[in-house]
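> okay, sequence plus prediction incoming.
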Amino acid sequence: MGGEKTQLPDQAVKIVEQETHNLSITLEELRRRVDSAAAVLAGVASLINHRQRYFGITGEHFSVNGYEGILIIDRLDEALLKSVRELLHGWVQKRKKIPDLKVLKTLTEKLAKKVESLKDRPVGFEVLFVVRGAFEFFEEFASDRPPHGVPELEHAFAHHLLGVIDRYVQSRERPVLRHFSDIAREYSVVSRLKCACGDEKFEVKMQALHQTPDGAPFDRMDLQCKACGTQRSVMFELPYFKDMYQIS
């Protein structure tokens, strides 16, 4: 039963570093131009469009349905969402004006009926899926000439998006929460892995906590393809394991 290394190969690390840098450059450029709710929403869309770029670059070197490819995309999705959060938060702090609460309530209620809600410990791509769905509904809703006007609706939507993304970012930044967020992501990676036979249904046969020779903890999952029976092992670093012993 073969197993993957706990650390990403150098080429994968290079992709993550380069694309994270590209996100930072775009974020700084957008910060200088954002002067309205419409502009900040356009900025969010611009940042999200980076996903298509790094998805393609990852696919040039690794299978996007393989272990390394999935981990690269997940790390970049996290960097992307943190960039979006910084853009929205910076604009909200600069504007220092809350949206019309009736408009925000109406928008939130309508979005709840149309867009799938997030799990307690969402993975980055799941958050992005919800955000894309929210954008699609918002564009449809805004085109119907809302009574309070589009600018006020855009203001409310920017605050709504910040609330959604804040929930994810906090799960990645708060001690203890980020460790359990990593555990949830492990199962998400397994659910997206594709076997050489073409099937995407690996079953976790065993999960165990191990240590590297230098004492770093990692999870090992032994998997078996439900279609062809192929067995493999995958390893996950646990950089926030020590958070378990801290007071949050």
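Thanks, I have it.
> domains in this protein, by residue range?
By the record's domain assignment, the chain is partitioned as 10-173, 177-245 (automatic domain parsing).
> just give me how far the last one sits from the chain centre.
On the basis of CA atoms, centre = their mean, to the nearest Å, domain 177-245 is displaced by 18 Å from the centre of the chain it belongs to.
> average pLDDT for it?
Mean per-residue pLDDT for domain 177-245: 87.
> how about the domains of the chain in CSV, adding mean neighbour count?
For glycine as for every other residue, the C-beta is placed from the backbone atoms N, C-alpha and C. Converted to CSV, these look like this (neighbours: other CB atoms under 10 Å):
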stretch, mean neighbour count
domain 10-173, 17
domain 177-245, 15
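> pick out the shakiest of the ones you listed, pLDDT-wise.
domain 177-245 (a mean of 87).
> all strands for this protein, in order.
Here the chain has its strands, by DSSP state E, at 202-211, 217-225, 231-237.
> CSV for the ones you listed, including distance to residue 106?
Output for the strands of the chain, formatted as CSV (distance: least, CB to CB, whole Å):
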stretch, distance to residue 106
strand 202-211, 43
strand 217-225, 44
strand 231-237, 42
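> mind checking which of those strands is nearest residue 101?
strand 231-237 (42.3 Å; CB to CB).
> may I have that closest one exported as PDB, CA atoms only?
Taking C-alpha atoms only, strand 231-237 is exported to PDB below (Å, rounded to 0.1, in the frame of the first residue of the first chain):
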ATOM      1  CA  GLN A 231      -5.600   0.600  -1.800                       C
ATOM      2  CA  ARG A 232      -3.500   3.700  -1.000                       C
ATOM      3  CA  SER A 233      -2.500   5.800   1.900                       C
ATOM      4  CA  VAL A 234      -2.500   9.600   2.200                       C
ATOM      5  CA  MET A 235      -0.800  11.800   4.800                       C
ATOM      6  CA  PHE A 236      -1.900  15.100   6.200                       C
ATOM      7  CA  GLU A 237       0.200  17.600   8.100                       C
END
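> now do it: which elements does it pack against?
Here strand 231-237 touches helix 177-192, strand 202-211, strand 217-225, going by 3 or more CB pairs under 8 Å, 6 or more residues apart in numbering; DSSP states H and E.
> need the contact partners of the first one.
Among residues not part of helix 177-192, those counted as contacts by CB atoms under 8 Å, 6 or more residues apart in numbering are 65, 67, 70-71, 74, 119, 121-123, 126, 170-172, 200, 202, 204, 219, 221, 223, 234, 236, 238-241, 243-244, 248.
> between the strands of the chain, which gets nearest to residue 31?
From the strands of the chain, taking CB to CB, the stretch that ends up closest is strand 231-237, at 31.8 Å.
> next, the angle strand 217-225 makes with the closest one.
Orientation of strand 231-237 against strand 217-225 (axes from the mean of the first three to the mean of the last three CA atoms, to 10 degrees) gives an angle of 160 degrees.
> angle of strand 231-237 against helix 177-192?
Using the same axes, to 10 degrees: strand 231-237 against helix 177-192 is 160 degrees.
> so strand 231-237 versus strand 202-211, what angle?
Going by the same axes, to 10 degrees, strand 231-237 makes 50 degrees with strand 202-211.
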